[in-house]
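> I'll drop the sequence and a predicted model, then ask my questions.
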There are 2 protein chains.
Amino acid sequence: MAALPAAVRIVEVGPRDGLQNEAVALNVERRLALIGRLSDAGLRDIEAGAFVSPRRVPNMAGSGELMQQLDRRPGVSYPCLVPNETGLDAALEAGCTDIAIFAAVSETFSQRNTGCSIHESMDRLARVAVRAHDAGLRVRGYLSCVLGCPYEGAVSDEAVATLSAELIAMGCHEVSLGDTTGVGSPFRVRALIDCVARRVPAERLAGHFHDTWGMAAANVHAATLSGVTVFDASVGGLGGCPFAPGATGNVATEDLVYLFDDAGVYTGVDLRKLVDVANWISAQLERPVASRVARAFNSGRPT
Amino acid sequence: MAALPAAVRIVEVGPRDGLQNEAVALNVERRLALIGRLSDAGLRDIEAGAFVSPRRVPNMAGSGELMQQLDRRPGVSYPCLVPNETGLDAALEAGCTDIAIFAAVSETFSQRNTGCSIHESMDRLARVAVRAHDAGLRVRGYLSCVLGCPYEGAVSDEAVATLSAELIAMGCHEVSLGDTTGVGSPFRVRALIDCVARRVPAERLAGHFHDTWGMAAANVHAATLSGVTVFDASVGGLGGCPFAPGATGNVATEDLVYLFDDAGVYTGVDLRKLVDVANWISAQLERPVASRVARAFNSGRPT
């Protein structure tokens, strides 16, 4: 056994990164029900919403209302995505204690996703981070396209390392490295993490993998071997319909729990309860459940 | 980068292990077309058939006829599965030069799958192996249930090591370690391979993973880190319908090629041509293609 951690922390991003990419819109009440079920299954970090344009991202509409109505459980954090100071104002008004900010590693992706250069984007985030810290909030950083950009192709590991260090320097408690298009493969993941870890300790990095090319579980395993112990995941593999060509969902939370349970690595999550949540949310979205673990579980496959 | 091999060998088992678990039957002509397309895509080890009861495994009917009609390409091996001496007689008559023999690590699975104990099964295989070698054939060994048995649950790594050594001792050129129910996870795969490699060099082991629980690519990566460089796979993830609950297909060949291509590890396989084969065979089986790589490719996802 190589580099087996005693425990990992799973950041459930289904109610935000997952739902924002789903075709069926869920109202605040149903998103609250999802978040409640996820914490019942043992998840302790649940990304709850985003203060972004509801026109651009209809499934995040009402995030303020959601945060105000949320039954916050002790020991559970509910970060919300904040793109700029206007978003921060809304997050503060809604009583958020945790926010997440994001930048991209590729210029073209940055321009298309946030309407500004990487440099301008980092300036904007630094202003958000300073104000957030002044208000006592905890700030998480996201970097997207760390293993490839849909417009530019290959990206530089060194650029990922530099931007990660900048996010830590502006006060992020950790940086989540996002393989936005799911193109990464395990050998490259290790090379990336080993490069970034020369600037930011691996304990402050999180892995955020999408399963577009079927590599997500392998990439999680690879990142673990390089010392990463925090992983983002979406219950049911939300974010990509399994029946659509080129599904682009996050790695399914239940796949990660299965992987780590089998190795005796503590996640705090009850797999059976989690699969129930995956089935429930898939029904809400009017589609079959996407993850292999949930499907194997549902069909009574022996473990 | 850790333990990156320069090249790996992929043993394409789609025409045998894949098809035998598919509901739609393909006649000899179509199976020959599949084998031809696979060698066109660059595969050099293609499991072509099985000399088993056509009543029990309808999709392997006519394996003798298939081997006689096969256009054998130089440098390509076409092993056929042989369960006993009757099967060996048929393989010899059909002009096979490569056979594969199989045993299970669990007593219950052995009884149910081969109708005898592990010990009796190994005796039977030894007789097959001796006669096959006398006839100049190359013999590959398979062990099933190496990471868990659907009836007995956990199996012992030591038992896998002992049986692997016995197969090598009876003259098998390599032993393919089969996670028949796809329950294995990467950390346990490494522990298993490291244990078996104390008895049989890792260069003589192959990894045979099923994707039932979504762990196959991760398991391949893990096995590579323990020195394994030969992997079994089925084009299109044949062997489990993606739309059936609890699909149990082999890991898709294109997923492995993607994984290794991305790391610069030579496979000899042309990914684009292979995805065409995956699409073609899935159409023959009247279902959408199962693998994430083929679906991502088909939808024009950026790599």
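Received the coordinates, thanks.
> mind jotting down where the strands sit in the stretch 101-250 of chain A?
A:138-144, A:174-179, A:205-209, A:230-233 (DSSP state E, counting those that start in this stretch).
> pretty sure A:A48 sits against A:G36.
No - A:A48 is beyond contact range of A:G36, at 10.9 Å (criterion: Cβ atoms under 8 Å). Every residue, glycine included, has its C-beta placed from N, CA and C.
> neighbour count: the two, which is higher?
For A:A48 versus A:G36, neighbours defined as other Cβ atoms under 10 Å in any protein chain shown are more numerous around A:A48 (28 against 15).
> show me what contacts the nearest residue to that one once chain neighbours are set aside?
The shortest distance from A:A48 to any non-neighbouring residue, by Cβ to Cβ, 6 or more residues apart in numbering or on different chains, is to A:Y78 (4.1 Å). Counting by Cβ atoms under 8 Å, 6 or more residues apart in numbering or on different chains, A:Y78 makes contact with A:I35, A:I46, A:E47, A:A48, A:M67, A:L70, A:R72, A:C96, A:T97, A:D98.
> if we go to 7 Å?
A:I46, A:A48, A:L70, A:R72, A:D98 (Cβ atoms under 7 Å, 6 or more residues apart in numbering or on different chains).
> report the beta-bridge partners for the residue nearest to A:S106 when sequence neighbours are not counted.
Of all residues beyond its chain neighbours, the one nearest A:S106 is A:C149 (3.6 Å), with distances taken as Cβ to Cβ, 6+ apart. Under DSSP bridges, the beta-bridge partners of A:C149 are A:G153.
> these two touch, right, A:C149 and A:V155?
Yes - using Cβ atoms under 7 Å, A:C149 is in contact with A:V155, at 5.6 Å.
> so for those two, which sits in the more crowded spot?
Neighbours were counted for A:C149 and for A:V155 using other Cβ under 10 Å; A:C149 has more, 23 against 20.
> which residues of the stretch 151-300 of chain A score low on pLDDT?
A:240-247 (pLDDT under 70).
> make it 80
A:240-248 (pLDDT under 80).
> take the strands of the stretch 101-250 of chain A and write them to CSV, including mean neighbour count and distance to chain B.
As requested, the strands of the stretch 101-250 of chain A are exported to CSV (neighbours: other Cβ atoms under 10 Å in any protein chain shown; distance: least, Cβ to the nearest Cβ, whole Å):
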stretch, mean neighbour count, distance to chain B
strand A:138-144, 23, 14
strand A:174-179, 26, 12
strand A:205-209, 26, 11
strand A:230-233, 27, 12
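> so which of those comes closest to A:L19?
strand A:230-233 (13.8 Å; Cβ to Cβ).
> now whichever helix or strand comes after that closest one against strand A:205-209, angle please.
Of the helices and strands lying after strand A:230-233 in sequence (DSSP states H and E), the nearest is helix A:253-262. Angle of helix A:253-262 versus strand A:205-209, following axes from the mean of the first three to the mean of the last three Cα atoms, to 10 degrees, is 120 degrees.
> next, count neighbours for A:G136.
Neighbour number of A:G136 under other Cβ under 10 Å is 8.
> which ones are touching it?
By Cβ under 7 Å, 6+ apart, A:G136 has no neighbours at all.
> how close does it sit to chain B?
Separation of A:G136 from chain B (Cβ to the nearest Cβ, to the nearest Å) stands at 39 Å.
> for the residue nearest to A:A48, phi and psi?
phi -130, psi 70 (degrees, to the nearest 10).
> contact residues of the stretch 51-200 of chain A facing chain B?
For the stretch 51-200 of chain A, the contact set with chain B under Cβ under 7 Å from any Cβ of the partner chain comprises A:P150, A:T181, A:V183, A:S185, A:P186, A:F187, A:R188, A:R190, A:A191.
> try 10 Å
Within the stretch 51-200 of chain A, the positions lying close to chain B (Cβ under 10 Å from any Cβ of the partner chain) are A:147-154, A:181-191, A:194.
> name the residues contacting each of A:C149 and A:V155.
Both A:C149 and A:V155 are contacted by A:A104, A:V105, A:S106, A:E107, A:F109, under the criterion Cβ atoms under 10 Å, 6 or more residues apart in numbering or on different chains.
> from the contact counts, what lies against the one helix or strand A:T86 maps to?
In the assignment (DSSP H and E), A:T86 maps to helix A:85-93. On a contact count with 3 or more Cβ pairs under 10 Å, 6 or more residues apart in numbering or on different chains; DSSP states H and E, helix A:85-93 meets strand A:49-50, helix A:63-69, strand A:80-81, strand A:98-104, helix A:118-134.
> what about 6 Å?
helix A:118-134 (3 or more Cβ pairs under 6 Å, 6 or more residues apart in numbering or on different chains; DSSP states H and E).
> what's the spacing between the helix it packs on and its chain's center?
20 Å (Cα atoms, centre = their mean, to the nearest Å).
> can you list contacts of that helix?
Here helix A:118-134 makes contact (Cβ atoms under 6 Å, 6 or more residues apart in numbering or on different chains) with A:84-85, A:88, A:99, A:101, A:103, A:107, A:110, A:114, A:139, A:166, A:170-171.
> then stretch A:85-100?
Stretch A:85-100 is contacted from outside by A:51, A:64, A:67-68, A:77, A:79-82, A:128, A:131-132, A:135, A:137-140, A:142, using Cβ under 6 Å, 6+ apart.
> let's go with 8 Å and repeat that
A:47, A:50-52, A:63-65, A:67-68, A:77-82, A:124, A:127-128, A:131-132, A:135-142, A:176.
> now the buried members of these.
Among those, those scoring as buried are A:47, A:50-52, A:63-64, A:67, A:77-82, A:124, A:128, A:132, A:137-142, A:176 (criterion: 16 or more other Cβ atoms under 10 Å in any protein chain shown).
> of the shared contacts of A:C149 and A:V155, which is the most crowded?
Of all the shared contacts of A:C149 and A:V155, the highest neighbour tally under other Cβ under 10 Å goes to A:V105, namely 26 neighbours.
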